[in-house]
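Asker: have a look at this prediction, sequence included:
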Amino acid sequence: MTDLSAEDLTAIYAKPTPRVIAKARPAIDAHARKFIEMSPFCVLATSGADGSVDASPRGGGIGFVHVAGPNQLLMPDRSGNNRIDSFRNVVEGSGFVQLLFFVPGIDETLRVGGRGTLSADPDLLAAMVEFGKPPRAVLNVAVSEVYFHCGKALMRSKLWSSEKVQRSVMPSIIEVIHDQTGLGEPESQEIVEERYKTQL
């Protein structure tokens, strides 16, 4: 298999249309704000000092990421696995972040990029209580680019289709990790989900 060069790419792909270029905006407008305020889920991408890239799922109630202004987003950090790969990248790496927002039932997605910083200001944490708990930290994004992605990827995948696989086709995440590492004791999916509910 031969790796493609930049010249190869220009030969394979047509130039983007002027509208595709122009849709990238320097700030959050009314349409982007509405989308973010409807979104219960996004993916956070960050880059490390060594050039590594991390992508992490983030979720909460509808509108869990707060639009503080046309160039500012605030994302509360809820309970997780404590690896904090994304946040190490923010404080030790480039500081650049990208967020990809999803709204169930809508095939288009929204990308927001900028530079991130972290805060554990008590007043800010207290203002962002959800599931009965304050966040442990808040990601503050200074937004520099915002644009919508077309819906073709989600249409191809039928992501919002009512057709679903049964959870039982895969072992629980604890069983998977036990098989991979030999650490801990295997647990059923039911036990895992009950514990999740206490850690939201």
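Answerer: Nice, thanks for sending it over.

Asker: which outside residues touch the helix ranked longest in the chain?
Answerer: Counting by DSSP state H, the longest helix found in the chain is helix 189-199. When contacts are defined by C-beta atoms under 8 Å, 6 or more residues apart in numbering, helix 189-199 is touched by residues 79, 167-168, 171-174. The C-beta positions use only the backbone N, C-alpha and C, and glycine is treated the same way.

Asker: check contacts around residue 50.
Answerer: Residue 50 sits next to residue 93 when contact means C-beta under 8 Å, 6+ apart.

Asker: that older thread, report the buried members of the contacts of helix 189-199.
Answerer: Members of those that pass the buried threshold by neighbour count (16 or more other C-beta atoms under 10 Å) are listed as 171-172, 174.

Asker: adding secondary structure and pLDDT, write those residues out as TSV.
Answerer: Rendered in TSV, the data for those read as follows (DSSP: H, G, I helix; E, B strand; the rest coil; pLDDT from 0 to 100):
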residue	secondary structure	pLDDT
171	coil	90
172	coil	90
174	helix	87
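
Asker: residue 27: what secondary structure?
Answerer: Using DSSP: H, G, I helix; E, B strand; the rest coil as the criterion, the local structure at residue 27 reads coil.

Asker: closest to residue 9 among the contacts of helix 189-199?
Answerer: Within the contacts of helix 189-199, the smallest distance to residue 9 is 37.4 Å, found for residue 173 (C-beta to C-beta).

Asker: and the closest one, what's its pLDDT?
Answerer: As summarised for this prediction, residue 173 has a pLDDT of 87.

Asker: what's the answer for residue 199, then?
Answerer: Turning to residue 199, the model gives it a pLDDT of 79.

Asker: again with residue 64
Answerer: For residue 64, the model assigns a pLDDT of 97.

Asker: the residue sitting nearest the centre point of the chain sits in which helix or strand?
Answerer: Centre of the chain computed as the mean C-alpha position; nearest residue by C-alpha atoms, centre = their mean is residue 43, 1.3 Å away. Under DSSP states H and E, the secondary-structure element containing residue 43 is strand 41-47.
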